[in-house]
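**Student:** Starting from these lines, generate the structure:
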Amino acid sequence: MTTTADPSTEGSTRPGRRSRARSWWSALRAALDRPLTSYYLLLGASALLLTVGLIMVLSASSVHSFEVHDGDSYAIVKRQLMWVAIGIPCAWVASRLPYRAIRQISWLAIVVSVVLLALTAQFGVVVNGNRNWLALGPVQIQPSEIAKLAIVLWAAHVYAQKERRLGNLHQVMVPVVPVLLGIILLVIVGRDLGTALVLCAILLAMLWVVGAPARLFTIAMSVIGVAAIWLATTSSERRERLTNFVDPFKDYHDAGWQPAHGLFALSSGGWFGEGIGASQQKWGDLPEAHTDFIFAVLGEELGLVGTLLVVGLFLVIAYAAIRVAMHTGDPFVRYMSFGLVAWLLGQMIVNVGMVLALLPVIGIPLPLISYGGSALLPTLVALGLLIGFARREPEAAQALAQRRRQRSAGLSAGALGRRRGRA
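**Tutor:** Next up is the predicted model:
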C-alpha cells in the first residue's frame, strides 16, 4: 500500500527549519558581538594550535629523533617544550606591555634584526644549502624569523607616526621600503628565497594597509615575480623544484621525492586519519617530516578533519585580529594587527600550498605547528601582542574590569561569611 506525504505537513516543516536557522544565526551574531569575543578567539585558537603543534612534533619527530639522538625518541619534542616554556611568558609580557613601550622597542628590534642578519650573511651556518642560521654558543638561531616580527613592529610604528602624511607617496615609501628591501637582500644573500618571499608579502601588506596606490602593487608584483624566478634558476635544486612541483611524480626519485611523499601521507589519511602516531611516511620516506612537511603528517594521522581544523584555527586568528584592527582608533594597533595577520596567514597558506604541491617547495614552516624555536618564539610574542590589543579594546577593557570587581567582591563576601561562621 502506497502512502503519500501530507503537503501541509511538508510545507510546515520548511518554515520551522528556516526559523531554527535564523535563531542559530542570531545566536552566533550575538556571541560574536560580545566585548571579549576577539580576546577569547585569539586566546583559544592560539592555545589549540600550540597544543596540536606539540602533539604533532612529538609524533612526527619520534623516528628521526630516535635515529639522531642515540635512541631518545623525545629529544626533539623536549627541546620544543623548552621553547614553549620560554615563549609563553614572553607572550604574556607582550600582552601586558603598554603601547608606548611596544613602540619604543620597535627601533631596537629592527636594528638588532639587521645586525643579526648581517652577521648571518658573513658568519652563518649552512643548513640544507642556505646560510640562514647563526650560532650563538650552544644555540643556533634563525634571525630571519625574528626579522618578520621586527619589520611589522617597526613599519607599524613609522606609519602610525606619519598617519596624517600618508597621502604623499614619498612618505609611504621612505624609510620603510628601503629598509625592508635591505633586510630582504640580506636574507637573499643567505640563499633563503622562501623567507625572502614571505618578507616581500609582509611589505606589500603593509603598503596596502596604509593606502599605497594600485600601480605600485602592479610594479612590485612584476618585479618580485621576475626576481624570484631568476633567483630560482641560479640553483639547480630550486630550478628542479620549480619545474616539477605541479607533477612531483615526474621526477619521483629526485626533486619530486618530498612533495610526492607528502601527497602520499595526505591521501592515506582519509577523513579521520590513521590515528596519532600511526604515520607511515615519517619512517624515513618523508624528509623534514617534523618541520616544513609536518602538515602532511598531520593529514595522515588526523585526516581531512584535522587539516581543516588547523586551517580553520588560523582563519579564526585572522578574523579576530582584523576585527581588532577595524574597531581600534589607534593607527599603530591597526597597522600592527594587519601586518601580523599577513605574516601568519600568508605563511600558513604558503606552507599548506607547498605540501599540497600547489606551490614549489621553498622551506617555509607552519606557524605554531612546525618544530623550531626560532620560529615559535616570535610567533608567540606576535600572538601575545594581538591578545593584548584585543583586551585593550574599550568595551573589552570595561568587561574585564567589571569581572575583576565582581570577583574581588565575591572573595570579600566569602571571607566575611567565614569570619561570621567562626564567630
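**Student:** so who does the spatially closest residue to residue 74 that is not a sequence neighbour touch?
**Tutor:** Of all residues not flanking residue 74 in the chain, residue 65 sits nearest, at 6.8 Å (Cβ to Cβ, 6 or more residues apart in numbering). The C-beta positions use only the backbone N, C-alpha and C, and glycine is treated the same way. Shown in contact with residue 65 (Cβ atoms under 8 Å, 6 or more residues apart in numbering): 72-77.
**Student:** Quick one: buried ones out of those?
**Tutor:** Applying 16 or more other Cβ atoms under 10 Å to these, the neighbour count classes 75-77 as buried.
**Student:** Mind checking which of these are in helices?
**Tutor:** Helix and strand membership here follows DSSP state H; of those, those in helices are 75-77.
**Student:** mind giving me TSV with these and columns for distance to residue 223 and pLDDT?
**Tutor:** Supplementary listing: these in TSV, determined by distance: Cβ to Cβ, whole Å; pLDDT from 0 to 100:
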residue	distance to residue 223	pLDDT
75	44	95
76	39	95
77	42	96
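**Student:** Just give me the closest of the residues you listed to residue 47.
**Tutor:** The shortest separation between residue 47 and any of those is 17.7 Å, and it belongs to residue 77 (by Cβ to Cβ).
**Student:** Grab the nearest non-local neighbour of that closest one.
**Tutor:** Computed as Cβ to Cβ, 6+ apart, the closest residue to residue 77 that is not its neighbour in sequence is residue 58, at 4.3 Å.
**Student:** Return the distance of the one you found relative to residue 301.
**Tutor:** For residue 58, the distance to residue 301 equals 11 Å [Cβ to Cβ, to the nearest Å].
**Student:** Give me the more crowded residue out of those two.
**Tutor:** Taking residue 58 and residue 301 together and counting by other Cβ atoms under 10 Å, residue 301 has the greater number of neighbours (26 against 21).
**Student:** show me what contacts the more buried one?
**Tutor:** By Cβ under 8 Å, 6+ apart, the residues touching residue 301 are 56, 59, 269, 273-279.
**Student:** Using neighbour counts, trim these to the buried set.
**Tutor:** Buried residues within the contacts of residue 301, counting neighbours by 16+ other Cβ under 10 Å: 56, 59, 269, 273-274, 279.
**Student:** hmm, back to that, and the residue nearest to residue 77, what's its pLDDT?
**Tutor:** Residue 58 is assigned 96 on the pLDDT scale.
**Student:** My guess is it contacts residue 75. True?
**Tutor:** No - in this structure, residue 58 is not within contact of residue 75 by Cβ atoms under 8 Å, at 11.0 Å.
**Student:** on that earlier part again, give me the three-state assignment for the residue nearest to residue 74.
**Tutor:** Judged by DSSP: H, G, I helix; E, B strand; the rest coil, the three-state class of residue 65 is helix.
**Student:** Kindly provide the distance from it to residue 289.
**Tutor:** As judged by Cβ to Cβ, residue 65 and residue 289 stand 11 Å apart.
**Student:** Strands of the stretch 1-150 of the chain, start to end?
**Tutor:** For the stretch 1-150 of the chain, the strands defined by DSSP state E, counting those that start in this stretch occupy 125-127, 130-136, 139-141.
**Student:** would JSON lines of the ones you listed with mean pLDDT and distance to residue 387 be doable?
**Tutor:** Listed next are the strands of the stretch 1-150 of the chain as JSON lines, based on pLDDT from 0 to 100; distance: least, Cβ to Cβ, whole Å:
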{"stretch": "strand 125-127", "mean pLDDT": "87", "distance to residue 387": "32"}
{"stretch": "strand 130-136", "mean pLDDT": "89", "distance to residue 387": "29"}
{"stretch": "strand 139-141", "mean pLDDT": "90", "distance to residue 387": "24"}
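**Student:** and residue 159, how many residues sit next to it?
**Tutor:** Per other Cβ under 10 Å, the neighbour tally for residue 159 reads 25.
**Student:** and the contacts of residue 301, which of them are in helices?
**Tutor:** Short answer: the contacts of residue 301 in helices (DSSP H) are 56, 59, 269.
**Student:** What is the nearest of those residues to residue 407?
**Tutor:** Nearest member of the ones in helices among the contacts of residue 301 to residue 407, counting by Cβ to Cβ, is residue 56, at 36.3 Å.
**Student:** Quick one: residues contacting that closest one.
**Tutor:** Residue 56 touches 290, 294, 297-298, 301, 369, counting by Cβ under 8 Å, 6+ apart.
**Student:** Swap in 7 Å and give it another go.
**Tutor:** Taking Cβ atoms under 7 Å, 6 or more residues apart in numbering, we find residue 56 in contact with 294, 297-298, 369.
**Student:** cool, residue 31 as well?
**Tutor:** Residue 31 makes contacts with residue 37, as judged by Cβ under 7 Å, 6+ apart.
**Student:** can you offset everything so residue one is 57?
**Tutor:** Done: numbering now begins at 57, and the last item shifts to residue 87.
**Student:** Pick the most buried one from the strands of the stretch 57-206 of the chain.
**Tutor:** strand 186-192 (a mean of 18; mean count of other Cβ atoms under 10 Å).
**Student:** What is that one packed up against?
**Tutor:** Other helices and strands packing on strand 186-192, by 3 or more Cβ pairs under 7 Å, 6 or more residues apart in numbering; DSSP states H and E, are helix 155-179, strand 181-183, strand 195-197.
**Student:** counting contacts, what elements does the last one pack onto?
**Tutor:** Of the remaining helices and strands, those touching strand 195-197 by 3+ Cβ pairs under 7 Å, 6+ apart are strand 186-192.
**Student:** Can you lay out the buried ones among the contacts of residue 357 as TSV showing distance to residue 233?
**Tutor:** Putting those into TSV (distance: Cβ to Cβ, whole Å) gives the following:
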residue	distance to residue 233
112	37
115	42
325	43
329	45
330	48
335	44
